[in-house]
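J.: Take a look and give me a structure for this.
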Amino acid sequence: MPIYEFQCTRCENKFDELVRVSVDLHAIVCPKCGTNSPRKLMSAFGFTSGGKTVSSAPSSGCSGCHSTHCSTCH
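T.: The predicted model follows:
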């Protein structure tokens with residue numbers, strides 16, 4: 001079962017939920033206010049594109065250099 005990120009349409013609380021593929025989104029309830037109309041968000045913590053791993057988290061550089069992009073490391 002995948003974990004999806006949601007945002008409540010009433011109180012704007014962001015939360016994660018372990019969801020079966022066949023579950024109706026109206027069955028998901030905001031843990032903060034109880035509203036059952038969340039909006040599914042696009043999660044971008046990391047994905048693969050064209051053979052390169054892309055992450056939304058800022059990089060602190062490679063272990064051997066101080067660059068913020070590993071493509072510039074030698």
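
J.: What residues sit buried inside stretch 23-42?
T.: The neighbour-count check on stretch 23-42 (16 or more other Cβ atoms under 10 Å) flags 28-30, 38 as buried. All C-beta spots, glycine's among them, are computed from the backbone N, C-alpha and C.

J.: Now L25. Its backbone dihedrals?
T.: phi -60, psi -20 (degrees, to the nearest 10).

J.: Show the contacting residues for it.
T.: Contacts for L25 (Cβ atoms under 8 Å, 6 or more residues apart in numbering) come out as 38, 40.

J.: And it, how far from Q7?
T.: 12 Å (Cβ to Cβ, to the nearest Å).

J.: can you list residues touching both of those two?
T.: Listed as contacting both L25 and Q7 by Cβ under 8 Å, 6+ apart are P38.

J.: Next, count neighbours for F6.
T.: By the measure other Cβ atoms under 10 Å, the count of residues near F6 is 21.

J.: After the strand or helix carrying it, which helix or strand is next?
T.: Following DSSP states H and E, the helix or strand that holds F6 is strand 3-8. Moving toward the C-terminus from strand 3-8, the next helix or strand (DSSP H and E) is strand 14-18.
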